[in-house]
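# Build me a structure from this.
(one chain, ligands or ions: 2)
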Amino acid sequence: MDRRMFLQTFGAGVASLSLPAFGSPAPSCSILVMGMGAAGCNLAVALRASNFQDRADAVLSYVCVDLGPHALEFVDIANDANPALAPIKTLMLAPVRAGGRVNAARAACLRHRAILAELLAGSDMVVLHAGLGGGTGSGVTPIMARVARDAGVVTVAAVVTPFAFEGARNRRADAVMNRLQREADLAMAFSNEEWINRYRDDTSLFDVFDALDRHIASQLHAVISRLNITTHRAGFTFAPDCQSV
Ligand SMILES: Nc1nc2c(ncn2[C@@H]2O[C@H](COP(=O)(O)OP(=O)(O)OP(=O)(O)O)[C@@H](O)[C@H]2O)c(=O)[nH]1
Ligand SMILES: [Mg+2]
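Ligands and ions are numbered 1, 2, ... in the order given. Next up, the predicted model:
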């Protein structure tokens, strides 16, 4: 199945894709989960903690990408806290923070495009995680989506969009989301603003983020585990009852 068919089939609704029967030989699919920027790395850490591998016929590996000397320390802490899970690799694109400067993040990313492309080697699918509106996630994610597209890797972007009070970050997030919709096979946006409105005013931001990050992980479980992926690199096939539009 080519990429276009994948898109059409996916567009028909994940509910129409069928799961392989329990106990059947498990085909395996390599999925690279990439967290970019602080929010993206948090999402990758949350997906790893959700123990996806126990539930699906897919092998997940993880890499977190950021700028700045200390940005990735919490990823190492997460690795140490749960050594039984797949370790998250880290890649620091530059020793200085982008700090909201999307062009600085883009430039650092383009300098290391070859390394980013190498990360994808052997993957059938890449999941791109980021919080849009800042510098790093907004700068790196669309470039990474293009790199993945050029490499023929099925690309799923699962990103968060800013709160209303973040002002201009929302316009930047919209522009990046438009690009992701063009570059990725599937682009899913989860709104921080909508999510926080589900909570009482006295709920801490940490708890709101934590719940949303776990929600996104569970949504990805649902999406990925409904794919009946039978071959490595040769494409994706779906169960016969899956209708394409
Ligand atoms: N759901 C969720 N959203 C977050 C989290 N951290 C930040 N955000 C949102 O994501 C947006 C981008 O923030 P960061 O991820 O910190 O930015 P960055 O990509 O690291 O970019 P710079 O630090 O500016 O280079 C913010 O405007 C917030 O709306 C998080 O842990 N979870
Ligand atoms: Mg950051």
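
# Pull out the buried residues from the longest helix along the chain.
The longest helix of the chain (DSSP state H) is helix 205-225. Buried residues in helix 205-225, counted by 16 or more other C-beta atoms under 10 Å: 208, 209, 211, 212, 213, 216, 217, 220, 221, 223, 224, 225. Backbone N, C-alpha and C define where each C-beta goes, glycine included.

# what's the answer for stretch 120-127, then?
Buried residues in stretch 120-127 (16+ other C-beta under 10 Å): 120, 123, 124, 125, 126, 127.

# hey, where'd the helices end up in this protein?
With helices called from DSSP H, the chain shows them at 3-11, 37-49, 73-81, 102-111, 113-119, 136-150, 168-183, 192-196, 205-225.

# So which of the buried residues of stretch 120-127 is the closest to residue 171?
residue 127 (25.4 Å; C-beta to C-beta).

# Can you give me the neighbour number for residue 81?
Residues lying near residue 81 (other C-beta atoms under 10 Å) number 10.

# how far away is it from residue 107?
Noted for residue 81: a distance of 33 Å to residue 107, by C-beta to C-beta, to the nearest Å.

# Got the phi and psi for residue 70?
Main-chain dihedrals, residue 70, degrees, to the nearest 10: phi -110, psi 0.

# Based on its surroundings, how many neighbours for the residue of the chain found nearest ligand 2?
With C-beta to the ion as the measure, residue 38 is the residue of the chain nearest to ligand 2, at 4.1 Å. Residue 38 sits with 19 neighbouring residues when counted by other C-beta under 10 Å.

# residues in this structure within reach of ligand 1, list them.
Residues of the chain lying close to ligand 1 by C-beta under 6 Å from any ligand atom are 37-39, 42, 97-100, 105, 130-131, 133-137, 160, 162-163, 166, 169, 192, 209, 212-213.

# Quick check: ChimeraX command selecting the buried ones in those residues.
To isolate the buried members of the residues of the chain next to ligand 1 in ChimeraX, using 16+ other C-beta under 10 Å:
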select :37,38,39,42,97,98,105,130,131,133,134,135,136,137,160,162,163,169,192,209,212,213
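
# if we can go back for a sec, average model confidence for the longest helix of the chain?
Per-residue pLDDT values across helix 205-225 average out to 90.

# tell me the angle of it relative to helix 37-49?
Per axes from the mean of the first three to the mean of the last three C-alpha atoms, to 10 degrees, the angle that helix 205-225 makes with helix 37-49 is 60 degrees.

# Quick one: list the elements packing against helix 205-225.
With contacts defined as 3 or more C-beta pairs under 8 Å, 6 or more residues apart in numbering; DSSP states H and E, the packing partners of helix 205-225 are helix 37-49, strand 125-131, strand 154-161, strand 186-191, helix 192-196.

# Now mean pLDDT too, for the ones you listed, in a markdown table please.
Listed next are the helices and strands packed on helix 205-225 as a markdown table, based on pLDDT from 0 to 100:
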| stretch | mean pLDDT |
| --- | --- |
| helix 37-49 | 96 |
| strand 125-131 | 96 |
| strand 154-161 | 94 |
| strand 186-191 | 94 |
| helix 192-196 | 95 |
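
# Please consider this matter closed, and thank you.
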